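> give me coordinates for this.
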Amino acid sequence: MKKTYSQVHDRLRRAGLRTTRQRLALGKLLFDGGGRHVTAEILHAEALAIGVRVSLATVYNTLHQFTAAGLMREIMVDSQRAYFDTNTRDHHHFFIEDSGSLIDIPGHQVALSRLPEPPPGTVLKSVDLVIRVAEVSPKK
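Below is the predicted model:
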């Protein structure tokens, strides 16, 4: 279902965010059509393609603000690359290294039998599991 700007506006307001023109445009790109995994560069290119004038720095800032407000999750796949996920429910990911894409794994499909105790003075907040996979070439 396509979201209208008013639906994105309401979502941002409920999250405690001001509704700037850039946030509305980026929010519409992000939240239209269900769950998405995007990098800042992907979202920036999509915004430019539809005529939204926004800098890459603004896209990064907006993604981090949406994440801090609980609208998204940040998925670090390596020290150089972060994806932002619009699905905030409990789940994990397959990372396909060849294509650089993420695929959701429902949380109930992963069973962790033992986790270490968190350091003193801390509590476990969440567990993010990224399983790296490579595409298999067909044998000739």
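> gap between stretch 85-93 and the chain center?
8 Å (Cα atoms, centre = their mean, to the nearest Å).
> actually stretch 57-74, sorry about that
For stretch 57-74, the distance to the chain centre is 9 Å (Cα atoms, centre = their mean).
> give the buried residues for that stretch.
58, 59, 60, 62, 63, 65, 66, 67, 71, 72, 73 (16 or more other Cβ atoms under 10 Å). For every residue, glycine as well, the C-beta is placed using N, CA and C.
> who touches it?
11-12, 15-17, 22-23, 26-27, 30-31, 40, 43-44, 47, 82-88, 128 (Cβ atoms under 8 Å, 6 or more residues apart in numbering).
> which of these fall within strands?
The strands in this structure, assigned by DSSP state E, contain 82, 83, 84, 85 from the contacts of stretch 57-74.
> just to revisit the earlier point, which of the contacts of stretch 57-74 count as buried?
The buried subset of these - by 16+ other Cβ under 10 Å - is 11-12, 17, 22-23, 26-27, 30-31, 40, 43-44, 47, 82-86.
> filter those residues down to just the ones in helices.
11, 12, 22, 23, 26, 27, 30, 31, 40, 43, 44, 47 (DSSP state H).
> let me see the domain layout of the protein.
5-82, 89-133 (automatic domain parsing).
> can you list those in CSV and add mean pLDDT?
Formatted as CSV, the domains of the chain follow (pLDDT from 0 to 100):
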stretch, mean pLDDT
domain 5-82, 93
domain 89-133, 91
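> can you check which helix is longest in this structure?
Criterion DSSP H: the longest helix present in the chain is helix 56-68.
> please export the C-alpha coordinates of that helix as PDB.
Taking Å, rounded to 0.1, in the frame of the first residue of the first chain, the C-alpha atoms of helix 56-68 are listed here in PDB:
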ATOM      1  CA  LEU A  56      24.200  12.900   0.900                       C
ATOM      2  CA  ALA A  57      25.000  14.400   4.400                       C
ATOM      3  CA  THR A  58      21.300  15.200   4.900                       C
ATOM      4  CA  VAL A  59      20.300  11.700   3.900                       C
ATOM      5  CA  TYR A  60      22.800  10.200   6.400                       C
ATOM      6  CA  ASN A  61      21.500  12.600   9.200                       C
ATOM      7  CA  THR A  62      17.900  11.700   8.400                       C
ATOM      8  CA  LEU A  63      18.500   8.000   8.500                       C
ATOM      9  CA  HIS A  64      20.300   8.300  11.800                       C
ATOM     10  CA  GLN A  65      17.400  10.400  13.200                       C
ATOM     11  CA  PHE A  66      14.800   7.900  12.000                       C
ATOM     12  CA  THR A  67      16.800   5.100  13.600                       C
ATOM     13  CA  ALA A  68      17.100   7.000  16.900                       C
END
